[in-house]
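Asker: for reference, the sequence and a predicted model appear below.
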Amino acid sequence: ALTIGIVGLPNVGKSTLFNALTKNQVLAANYPFATIEPNVGVVNLPDPRLAVLAEIFNSERILPAPVSFVDIAGIVRGASEGEGLGNKFLANIREADAIAQVIRGFTDDDVVHVEGAVDPKADMETINTELILADLETLEKAITRYEKEVRGRKLGPEVLAAAQEALAELQKGIPLSASSVDLGPIRELGLLTAKPFIYVFNVDEAVLTDAAKRAELEALVAPAHAVLLDAKIESELIDLDPEDAAELLASTGQDESGLDQLARIGFETLGLQTYLTAGPKETRAWTIHQGWKAPAAAGVIHTDFERGFIKAEVISFDDLVATGSVHEARTHGKARIEGKDYVMKDGDVVEFRFNV
Ligand code: GDP
């Protein structure tokens, strides 16, 4: 599943947000990995199509696409230096697909700001500097190792070259996602500044509906995505039933919770999409990359499905809703039989045929 690592300075609201995430346990219960690690929380990608399909197929349960979040300790200035403490903290997010940086925007004199004042821009710079320093350290260690391995002909020189190029960019203060270095050969290093970033501003409730303030914060991080939320409201929302939650959201001028936005934007940022399967047992969303072909998509369900792939019967969600059933969709020529070169579309409702 898609995994997003959460970073930020201390006291910006990470734990508050994360508590909301882990209270999501009812929804998360279907995903075993969520309960193994206490520092992992899950949000389901919101998808109103699932309930519609479950109705058509009379499904017993609905399984949306999960997005998991990994919490790490707060970064303080200098975390990447001194006894490798920072690196230990950061080890958890090396595996993440994307990084969500939580930035304090709320004003509250009772909550100490580690840097003395609420200043989103300065905080972002502190975090980004720490991440660059962490990557520099990773690269310096790797380069020492790579040099030996290249001399011993155990490693191709292109790996060392890529590491050296990346190091040079970071030394200029350029995060790797903004550089043109080909990081393919050094993917194993899980370099932090190479990951896509999502910025989460934890703001006062009033800011949520303040268009000018929103635009200001969004401009700070563009072209990356910004999510504005109030962590306190997020943790309240989790405790409410859907109707009351919708009411509370509406009262803050929003139609989607911050956590839902985060899941959705995580998908967008990483170029992911879902296809759907439905039957009496369950209606389910499966996560794939945009542009994937049918056999790879089948492989997400089971590797046997990919290996033994024969064909896929595909009905678009809209066609299925318009015709009302698989049977009617077939009768009206809306059920397509697709082969191994078919490029999956978001919202395809699929049944795979395969050899075992
Ligand atoms: P962390 O160190 O980043 O994990 O921050 P915490 O989640 O522990 O929050 C630090 C303090 O700020 C706690 O006392 C929270 O109750 C408070 N806090 C978190 N989010 C908000 C918010 O949106 N508004 C206000 N006023 N306080 C908040």
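Answerer: Structure received.
Asker: A strand includes Ile56, no?
Answerer: No - secondary structure assignment places Ile56 outside any strand; it is helix (DSSP: H, G, I helix; E, B strand; the rest coil).
Asker: now do the strands in the stretch 51-200 of the chain.
Answerer: Using DSSP state E, counting those that start in this stretch, the strands of the stretch 51-200 of the chain run over residues 61-63, 66-71, 98-104, 197-202.
Asker: tell me what angle the longest one forms with strand 197-202.
Answerer: In other words, strand 98-104. Inter-element angle recorded for strand 98-104 and strand 197-202: 30 degrees (by axes from the mean of the first three to the mean of the last three CA atoms, to 10 degrees).
Asker: okay, now the sheet partners of strand 98-104, with direction.
Answerer: The pairing partners recorded for strand 98-104 under DSSP bridges are strand 2-8 (parallel), strand 197-202 (parallel).
Asker: related to what we said a few turns ago, among the strands of the stretch 51-200 of the chain, which is nearest the ligand?
Answerer: strand 197-202 (4.9 Å; CB to the nearest ligand atom). (Glycine included, C-beta is placed from N, CA and C.)
Asker: what sits up against the closest one?
Answerer: Identification of contacts with strand 197-202 by CB atoms under 8 Å, 6 or more residues apart in numbering yields 4, 12-13, 16-17, 98-106, 120, 124, 177, 207, 217, 220-221, 224-231, 258, 262, 265-266, 269.
Asker: repeat that with 7 Å
Answerer: 12-13, 17, 98-106, 120, 217, 221, 224-231, 262, 265-266, 269 (CB atoms under 7 Å, 6 or more residues apart in numbering).
Asker: touching the ligand at all, that strand?
Answerer: Yes - using CB under 6 Å from any ligand atom, strand 197-202 reaches the ligand at Asn202.
Asker: following that strand, which helix or strand comes up?
Answerer: helix 205-208 (DSSP states H and E).
Asker: what's in contact with that next one?
Answerer: Gly105, Lys213, Leu228, Asp230, Ile233, Thr252, Gly253, Gln254.
Asker: save the strands paired with strand 98-104 as JSON lines, and put in mean neighbour count, mean pLDDT and distance to Ile337 too.
Answerer: As requested, these are exported to JSON lines (neighbours: other CB atoms under 10 Å; pLDDT from 0 to 100; distance: least, CB to CB, whole Å):
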{"stretch": "strand 2-8", "mean neighbour count": "23", "mean pLDDT": "88", "distance to Ile337": "30"}
{"stretch": "strand 197-202", "mean neighbour count": "25", "mean pLDDT": "95", "distance to Ile337": "39"}
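Asker: so Val42 is in which element?
Answerer: Per DSSP H and E, Val42 falls inside strand 40-44.
Asker: if you count contacts, what does that strand end up packed against?
Answerer: helix 14-22, helix 25-28, helix 33-36, strand 66-71, helix 258-269 (3 or more CB pairs under 7 Å, 6 or more residues apart in numbering; DSSP states H and E).
Asker: ok, which of those comes nearest the ligand?
Answerer: When these are compared by CB to the nearest ligand atom, helix 14-22 sits nearest the ligand, at 3.2 Å.
Asker: enumerate every residue touching Thr269.
Answerer: Counting by CB under 7 Å, 6+ apart, Thr269 makes contact with Ala98, Pro196, Ile198, His225.
Asker: re the thing from before, among the strands of the stretch 51-200 of the chain, show the one with the smallest mean pLDDT.
Answerer: Note on those: lowest mean pLDDT is at strand 66-71, with a mean of 86.
Asker: can I get the CA coordinates of that strand in PDB?
Answerer: Coordinates of each C-alpha in strand 66-71 appear next as PDB, following Å, rounded to 0.1, in the frame of the first residue of the first chain:
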ATOM      1  CA  PRO A  66      -5.700   2.200   2.100                       C
ATOM      2  CA  VAL A  67      -3.100   4.900   2.500                       C
ATOM      3  CA  SER A  68      -0.800   4.300   5.400                       C
ATOM      4  CA  PHE A  69       1.100   6.900   7.400                       C
ATOM      5  CA  VAL A  70       4.300   6.400   9.300                       C
ATOM      6  CA  ASP A  71       5.000   8.700  12.200                       C
END
